[in-house]
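Novice: Model the structure of this input:
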Amino acid sequence: MQRKRHSPVQIRRKIKEIENELAKGVSRAEIAAKLGVSEQTVNRWMTDYGAKESTTIRLKNAESENRRLRRALSELELEKQVLAEAARGNY
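Specialist: Residues are numbered from 1 along each chain as shown. Okay, here's the model as predicted:
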């Protein structure tokens, strides 16, 4: 029997189905049979693709928060320098 290759987009769609079925309490074996793949494939997909979206979203949020904090820190450092110069009388 020839293997069928699934595209990443197809796998992500199927992962959503898997997550919905798991939330309903359906076993992975039943889900695999419904999708026409082995239980091992379902487990591999969950490992490889399951957490990627949430991880990517968390990473993007962390990066934007990091940018915001760096900007705030640079503004505070600038204010600190201005106040230091004013205290020395170099204004």
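
Novice: only C-alpha atoms for contact and neighbour calcs from this point on.
Specialist: OK.

Novice: can you give me phi and psi for Glu77?
Specialist: In terms of degrees, to the nearest 10, the main-chain angles of Glu77 are phi -60, psi -40.

Novice: Give the burial count for it, as a bare number.
Specialist: When counting by other Cα atoms under 10 Å, one arrives at 12 neighbours for Glu77.

Novice: ok, now Arg71?
Specialist: Neighbour tally, Arg71, other Cα under 10 Å: 12.

Novice: element containing it, please.
Specialist: helix 52-88 (DSSP states H and E).

Novice: what about that helix, average pLDDT?
Specialist: When pLDDT is averaged over helix 52-88, the result is 88.

Novice: same thing with stretch 9-22?
Specialist: 87.

Novice: Pull out the buried positions in it.
Specialist: 11-12, 14-15, 18-19 (16 or more other Cα atoms under 10 Å).

Novice: Throw those into TSV and include secondary structure, thanks.
Specialist: Below are these laid out as TSV (DSSP: H, G, I helix; E, B strand; the rest coil):
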residue	secondary structure
Ile11	helix
Arg12	helix
Lys14	helix
Ile15	helix
Ile18	helix
Glu19	helix
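
Novice: from those residues, which single one is nearest Leu83?
Specialist: Checking the buried residues of stretch 9-22 against Leu83 with Cα to Cα, the nearest one is Arg12 at 54.0 Å.
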